[in-house]
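Enquirer: how would this look folded up:
(one chain, ligands or ions: 2)
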Amino acid sequence: MIEFNNVYFSYDKEHTVLDGISFKIEKGESVGLIGANGAGKSSMLKVLLGLLPHDGEISVNGIKVCKQNLAEVRRVLGFVLQNSDNQMFMPTVLDDMMFGLCNYGMSKKDAEARVDEVLEQLDLVSLKNKYNHKISGGEKRMAAIATVLAMQPEVIIMDEPSVSLDPYNRRAVINVINRLEQTKIIASHDLDMIMETCTKVMLLSGGRIVAVGTTDEILRNKKLLEENRMELPFGIAAADR
Ligand SMILES: Nc1ncnc2c1ncn2[C@@H]1O[C@H](COP(=O)(O)OP(=O)(O)OP(=O)(O)O)[C@@H](O)[C@H]1O
Ligand SMILES: [Mg+2]
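Expert: Ligands and ions are numbered 1, 2, ... in the order given. Okay, here's the model as predicted:
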């Protein structure tokens with residue numbers, strides 16, 4: 001479904017940010033992307049989305065990620081960026097959620113029904129007619145997540161979905177992620193959320209993948225996590241006490 005083959009990327013000549021990344025993600029897999037601040041997680045996701053250029057090869061559903069194919073690739077990939085402020089560009093939450101659906105040819109009536117369904121799932125009905133510039137950071141994040149879910153893309157990519165969410169909304173997002181059958185890639189420092197939502201974990205350090213394994217293999221490995229500036233998830237550390 002998603003394949004990276006020897007992918008390199010740098011913002012400037014001095015620092016290599018992605019340093020020869022290769023991996024495959026199969027259809028339906030749920031993959032957690034972890035690593036310290038600056039490890040390259042967001043850059044890797046942006047390169048996959050074609051928001052940043054790269055050397056090497058990336059394909060999505062057999063389609064090469066390059067300028068000519070971007071529209072096709074983006075139809076498959078739905079994403080919530082780390083800074084979701086940049087993703088909301090219509091006046092209201094409803095307008096934003098309808099925009100993509102109508103753009104892909106859905107009637108206004110059907111689009112609004114889809115929007116209502118997703119907002120209900122996430123207990124966000126009260127946000128529907130709010131102005132994007134008048135909602136809180138966490139509400140904006142929830143609205144961005146709802147917008148992507150409404151599109152029902154084949155692959156869902158989330159960069160730090162739980163940041164700035166209160167416990168209730170964090171739980172709502174975890175529950176929704178777990179109900180989705182799509183392929184998922186979730187980058188996060190919230191290792192407890194990764195523990196609950198992902199079957200596989202990739203650990204990035206200095207622009208390289210230093211470990212790949214089942215969620216249990218990676219997230220229960222105290223030594224590996226500490227060597228890479230992370231700690232055991234709270235849930236596991238507490239159970240071991
Ligand atoms: N716009 C930019 N211009 C130049 N360098 C950048 C830019 N964005 C990120 N970097 C650098 O690229 C490296 C990787 O950053 P990236 O944002 O991919 O890390 P990350 O793993 O997502 O970190 P975090 O956990 O803090 O979100 C860092 O060294 C960072 O300083
Ligand atoms: Mg990041």
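Enquirer: near ligand 1, which residues of this structure show up?
Expert: Proximity of the chain to ligand 1, by C-beta under 6 Å from any ligand atom, involves residues 11, 17, 35, 37, 38, 39, 40, 41, 42, 43, 82. All C-beta spots, glycine's among them, are computed from the backbone N, C-alpha and C.
Enquirer: just checking, the second one touches residue 7?
Expert: Read that as residue 17. No - if you go by C-beta atoms under 8 Å, residue 17 and residue 7 don't touch, sitting 10.5 Å apart.
Enquirer: Confidence-wise, which helix or strand of the chain is lowest on average?
Expert: Sorting the helices and strands of the chain by mean pLDDT, DSSP states H and E puts helix 234-240 at the bottom, at a mean of 87.
Enquirer: Quick check: residues of this protein near ligand 2?
Expert: Counting by C-beta under 5 Å from the ion, the chain comes close to ligand 2 at 41, 42, 82.
Enquirer: So which of those residues are in helices?
Expert: 41, 42 (DSSP state H).
Enquirer: For the residues of the chain next to ligand 2, could you give me JSON lines that also reports pLDDT and neighbour count?
Expert: Formatted as JSON lines, those follow (pLDDT from 0 to 100; neighbours: other C-beta atoms under 10 Å):
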{"residue": "41", "pLDDT": "97", "neighbour count": "22"}
{"residue": "42", "pLDDT": "96", "neighbour count": "19"}
{"residue": "82", "pLDDT": "85", "neighbour count": "17"}
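Enquirer: For this structure, which residues score under the pLDDT cut-off?
Expert: Applying pLDDT under 70 to the chain picks out residues 84.
Enquirer: swap the cut-off to 80 and go again
Expert: Applying pLDDT under 80 to the chain flags the ranges 84-88, 240-241.
Enquirer: Show me where it has its helices.
Expert: Shown for the chain, the helices assigned by DSSP H span residues 41-48, 70-76, 93-103, 108-121, 137-151, 167-179, 191-197, 215-219, 222-227, 234-240.
Enquirer: And the fifth one, what does it pack against?
Expert: What it means is helix 137-151. Applying 3 or more C-beta pairs under 8 Å, 6 or more residues apart in numbering; DSSP states H and E, one finds that helix 137-151 contacts strand 77-80, helix 93-103, helix 108-121, strand 155-159, helix 167-179.
Enquirer: what do you get if the cut-off is 6 Å, keeping everything else the same?
Expert: strand 77-80, helix 93-103, helix 108-121 (3 or more C-beta pairs under 6 Å, 6 or more residues apart in numbering; DSSP states H and E).
Enquirer: Work out the gap between the last one and the centre of the chain.
Expert: So the one you mean is helix 108-121. Distance of helix 108-121 from the chain centroid (C-alpha atoms, centre = their mean, to the nearest Å) equals 22 Å.
Enquirer: Also the first one?
Expert: Between the mean C-alpha point of strand 77-80 and the mean C-alpha point of its chain there is a distance of 6 Å (C-alpha atoms, centre = their mean).
Enquirer: list the contacts for the residue in the chain positioned nearest to ligand 2?
Expert: Nearest residue of the chain to ligand 2 (C-beta to the ion) works out as residue 42 at 3.1 Å. By C-beta atoms under 6 Å, 6 or more residues apart in numbering, the contact list for residue 42 reads 82, 159.
Enquirer: show me what contacts the residue nearest the centre of the chain?
Expert: The centroid of the chain falls nearest to residue 158 when counting by C-alpha atoms, centre = their mean (1.2 Å). Residues near residue 158 by C-beta under 6 Å, 6+ apart: 80, 186.
Enquirer: what about 10 Å?
Expert: By C-beta atoms under 10 Å, 6 or more residues apart in numbering, the contact set of residue 158 is 33, 45, 78-82, 84, 144-145, 148, 173, 177, 184-188, 193, 197.
Enquirer: Which residues does it form beta bridges with?
Expert: Counting by DSSP bridges, residue 158 is bridged to residue 80, residue 186.
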